[in-house]
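Novice: Predicted structure and sequence below. I'll ask about it afterward.
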Amino acid sequence: MRKARVMMDRDFAIAHTDPRLFGAFVEHLGRCVYGGIYEPGHPTADDRGFRGDVLALVKELGPTIIRYPGGNFVSGYNWEDGVGPAEKRPVRLDLAWFSTEPNSFGTNEFMDWCKAADVEPMLAVNLGTRGGEAAANLVEYCNHPGGSAWSDLRRSHGWEKPHGVRFWCLGNEMDGPWQIGHKSAAAYGPVALEAAKMMRWVDPKIELAVCGSCGRSMPTFGTWEDTVLDQTFDHVDYVSLHTYLNNYRRDSAAFLASPDLMDRFIDEVVALADAAAARRRSDKRLMLNFDEWNVWYRTRRNRADRVKEGWPVAPPILEEIYTMEDALVFGGACISLLNHADRVKAACLAQLVNAIAPIMTETGGAAWRQTIFFPFAHMSRFGRGKVLRIQVESDAYDTTYYDPRGPLELTFPIANVPYLKMAAVAGEAGTVSLFMLNRDLNQEIEVSIDARNFGRLAVADAFQLRHDDLQATNTRDAPARVKPQPLQGVSIVGAQLRAVLAPASWNVVHLSAG
């Protein structure tokens, strides 16, 4: 059995988690919208076409903000196509996912769905084929109370009150050659700047996220941020970043270590943002919007998994089936986000339903939880509060992670990977929640925690997520094959807590204070 020691003190903290840290993402991609959150005629659907079984699972999952409508889709999207009488909306070919978009579901339907799900909307604007004028018009349509062309158009469509959308994204993955309207940093910066100015002139209260490089393995990473932030720094609040973790090489040790590269990516983007501030002698600090993150690789590189020929409506694409092993890596990513709560103020799990998602559905049938559902639900439920600056002493290992980008075969060494990856969040009324990932595939870890300045602690809840088969999945016919179980044997003597973590396990201990 391995041993790990942890020291935590209620007085030593990183930051409070922002409610937007627990976000997700809905794109017009595959069956995420049609057959996912929206399916008129489904037995559980309401009169607006919103699937009730999906809404119930979304509320259990606990996202707080939802990014919409893309993603790659937004870079070719005319938002005007998705408003007004549904029967009069145009049907378009979507060049992002080579499917047919009926536009039955659009901005106003999304706003109503957000209210039903009790989440905040995050809207992205098209800076691929369009620019600042269309973006400012959408802000006017959504946020202006009335008395102008676009706000009165919204009212004529049946939404009298403004939607009041606060968080806006200035395009999507603009340094990706796959992106509709792909731009260089020198070309994107001025477009984002002018869009930001015009959108803020319409509504000065909005918050704006500018596109950073869409991946750490992109050849543009770093120089993109330098160029774009030099042009937009004074007009934006956030810089975005994206990460999808993979196990292409079927190397479990490297896969389990990959969330540590997510930590590095965050630190590097923070450094780039702060360098832009330093060049201005500015005390302004840009925050990070990690608006796409997940495990994704099985359905990523094969065209047949990404594109269904013949321009179908809502084809079943990118429907990643998640394993127990994926849930462990996903949990490690949750820990990385928590431990950077000082600068990562918003984040969106990509995506919400069916396409690389924690929730799966059968069109016309059932909905169920994938394995990655549980770490996110735990993080959202127990991760609200003050993230503590803990000290972890654990055995470690070295590995090499493979992260291809197109034809490039890229590898990244990761040294001193602790077998125990952990975050601790102090909540209200003296509670504290521990998130612990045992990355050792074969050995238990005995964790000894010195908890200082917490008073008398007691175990309120303790869960573990594990399975003897790391390739175990949840399916329509076996929806609970992988699910949380009680974590036994957690003991507290004075200020000392002891827990034994099973090999390859995700663990959550929620403590109350007497």
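Specialist: That came through, no problem. Residues are numbered from 1 along each chain as shown.
Novice: If we go by neighbour counts, what in the helix or strand bottoming out on mean pLDDT in the chain is buried?
Specialist: Least confident helix or strand, the chain: helix 303-306 with a mean of 92, by mean pLDDT, DSSP states H and E. Residues Arg306 are the ones in helix 303-306 that count as buried (16 or more other Cβ atoms under 10 Å). Just so you know, the C-beta spots here come from the backbone N, C-alpha and C atoms, and that holds for glycine as well.
Novice: Not counting it itself, show me its contacts.
Specialist: With contact meaning Cβ atoms under 8 Å, 6 or more residues apart in numbering, helix 303-306 is reached by Trp97, Arg298, Thr299, Arg300, Ile317, Leu318.
Novice: In terms of pLDDT, where does the first one sit?
Specialist: Per-residue confidence for Trp97 comes out at a pLDDT of 98.
Novice: Met122 looks like it's in a strand, true?
Specialist: Yes. Per DSSP: H, G, I helix; E, B strand; the rest coil, Met122 lies within a strand segment.
Novice: From what I see, it and Asp291 are in contact.
Specialist: Yes. Using Cβ atoms under 8 Å, Met122 is in contact with Asp291, at 7.4 Å.
Novice: Among the two, which residue is more densely surrounded?
Specialist: More crowded of Met122 and Asp291, by other Cβ atoms under 10 Å: Asp291, with 29 against 26.
Novice: need the contact list for the more buried one.
Specialist: 23, 25, 67, 122, 169, 209, 240-242, 346-348, 350.
Novice: hmm, 7 Å instead?
Specialist: Phe25, Arg67, Cys169, Ala209, Ser240, Ala346, Ala347, Cys348 (Cβ atoms under 7 Å, 6 or more residues apart in numbering).
Novice: Flag the shaky bits of this structure, pLDDT-wise.
Specialist: 514 (pLDDT under 70).
Novice: where along it do the helices fall?
Specialist: Assigned by DSSP state H, the chain shows helices spanning 52-61, 107-117, 132-143, 149-156, 185-202, 223-232, 252-257, 259-279, 303-306, 324-338, 373-382.
Novice: which of those helices sits most buried?
Specialist: Of the helices of the chain, the one with the most neighbours on average (mean count of other Cβ atoms under 10 Å) is helix 324-338, at a mean of 26.
Novice: any idea how far Leu487 is from Val432?
Specialist: To Leu487, Val432 is 15 Å away according to Cβ to Cβ, to the nearest Å.
Novice: In terms of neighbours, single out the busier of the two.
Specialist: More crowded of Val432 and Leu487, by other Cβ under 10 Å: Val432, with 25 against 22.
Novice: The more buried one against Val509, yeah?
Specialist: No. Between Val432 and Val509 there is no contact under Cβ atoms under 7 Å: 8.7 Å.
Novice: Glu393 against Lys3, yeah?
Specialist: No. If you go by Cβ under 7 Å, Glu393 and Lys3 don't touch, sitting 8.9 Å apart.
Novice: Run the chain-centre distance for the least confident helix or strand of the chain.
Specialist: Remark: helix 303-306 is offset 23 Å from the chain centroid, using Cα atoms, centre = their mean, to the nearest Å.
Novice: Just the CA trace of that helix, in CSV.
Specialist: Only the C-alpha atoms of helix 303-306 are listed here, as CSV (Å, rounded to 0.1, in the frame of the first residue of the first chain):
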residue,chain,number,x,y,z
ARG,A,303,-14.2,10.9,-40.4
ALA,A,304,-17.0,8.3,-40.2
ASP,A,305,-17.5,9.2,-36.6
ARG,A,306,-17.5,13.0,-37.3
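Novice: In contact with Asp450, which residues?
Specialist: Taking Cβ under 7 Å, 6+ apart as the test, what Asp450 contacts is Met7, Ala495, Gln496.
Novice: One more pass at 10 Å, please.
Specialist: Contact analysis of Asp450 by Cβ atoms under 10 Å, 6 or more residues apart in numbering lists Arg5, Val6, Met7, Met8, Asp9, Ile390, Gln391, Gly494, Ala495, Gln496, Leu497.
Novice: circling back: between the contacts of Asp291, which is closest to Lys161?
Specialist: Arg67 (22.4 Å; Cβ to Cβ).
Novice: Bridge partners for that closest one, pull those for me.
Specialist: Beta-bridge pairing of Arg67 under DSSP bridges involves Phe25, Met122.
Novice: Now a ChimeraX select for only the buried ones of the contacts of helix 303-306.
Specialist: Applied in ChimeraX, the following selects the buried portion of the contacts of helix 303-306 according to 16+ other Cβ under 10 Å:
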select :97,298,299,317,318
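Novice: Among the contacts of helix 303-306, which pair sits farthest apart?
Specialist: Distance extremes for these: the farthest pair is Trp97 and Arg298 at 17.2 Å, using Cβ to Cβ.
Novice: on that earlier part again, closest one of the contacts of Asp291 to Asp260?
Specialist: Ala347 (17.0 Å).
Novice: Would you confirm that that closest one contacts Gly23?
Specialist: Yes. The pair Ala347 / Gly23 is scored as a contact, 5.7 Å apart, by Cβ atoms under 10 Å.
Novice: overlap in contacts of those two?
Specialist: In contact with both Ala347 and Gly23: Thr64, Ile65, Arg67, Asn289, Phe290, Asp291, Trp293, using Cβ under 10 Å, 6+ apart.
Novice: from those, which ones fall inside strands?
Specialist: Taking DSSP state E as the definition of strands, these contribute Ile65, Arg67, Asn289, Phe290, Asp291, Trp293.
Novice: And the furthest pair within these?
Specialist: Most distant of these, by Cβ to Cβ, are Ile65 and Trp293, 13.7 Å apart.
Novice: Show me which of the two is the more surrounded one.
Specialist: Trp293 (26 against 23).
Novice: Export the contacts of helix 303-306 to JSON lines and append columns for distance to Arg200.
Specialist: Below are the contacts of helix 303-306 laid out as JSON lines (distance: Cβ to Cβ, whole Å):
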{"residue": "Trp97", "distance to Arg200": "31"}
{"residue": "Arg298", "distance to Arg200": "41"}
{"residue": "Thr299", "distance to Arg200": "38"}
{"residue": "Arg300", "distance to Arg200": "36"}
{"residue": "Ile317", "distance to Arg200": "36"}
{"residue": "Leu318", "distance to Arg200": "34"}
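Novice: quick one: which of the contacts of helix 303-306 is nearest to Cys214?
Specialist: The closest of those to Cys214 turns out to be Arg300 (Cβ to Cβ; 13.6 Å).
Novice: ok, now how distant is that closest one from Arg369?
Specialist: Computed as Cβ to Cβ, the Arg300 to Arg369 distance reads 22 Å.
Novice: Equivalent analysis for His182, please.
Specialist: For His182 relative to Arg369 (Cβ to Cβ), the value is 36 Å.
Novice: Which one of those two is surrounded by more residues?
Specialist: Taking neighbours as other Cβ under 10 Å, His182 and Arg369 compare with Arg369 leading, 20 against 15.
Novice: what sits against the closest residue to that one other than its chain neighbours?
Specialist: Leaving aside its sequence neighbours, Arg369 sits nearest to Asn474 (Cβ to Cβ, 6 or more residues apart in numbering; 6.2 Å). If you count contacts by Cβ under 10 Å, 6+ apart, Asn474 has them with 321-324, 327, 360, 368-374, 480-483.
Novice: for the residue lying closest to Trp159 once chain neighbours are set aside, what are its contacts?
Specialist: Closest residue to Trp159 apart from its sequence neighbours, by Cβ to Cβ, 6+ apart: Asn108 at 5.4 Å. Residues in contact with Asn108 (Cβ under 10 Å, 6+ apart) are Gly82, Val83, Gly84, Tyr141, Cys142, Arg154, His157, Gly158, Trp159, His163.
Novice: before we move on, what about Glu173?
Specialist: Here Glu173 is in contact with 70-72, 74-75, 128, 179, 182, 211-215, 218, 240, 242, 292 (Cβ under 10 Å, 6+ apart).
Novice: quick one, what contacts the residue nearest to Val509 when sequence neighbours are not counted?
Specialist: Using Cβ to Cβ, 6+ apart and skipping residues adjacent in sequence, the residue nearest Val509 is Leu434, 4.4 Å away. Neighbour list for Leu434: 6, 8, 382, 388, 390, 422-425, 447, 449, 451, 462, 490, 497, 499, 507-511 [criterion: Cβ under 10 Å, 6+ apart].
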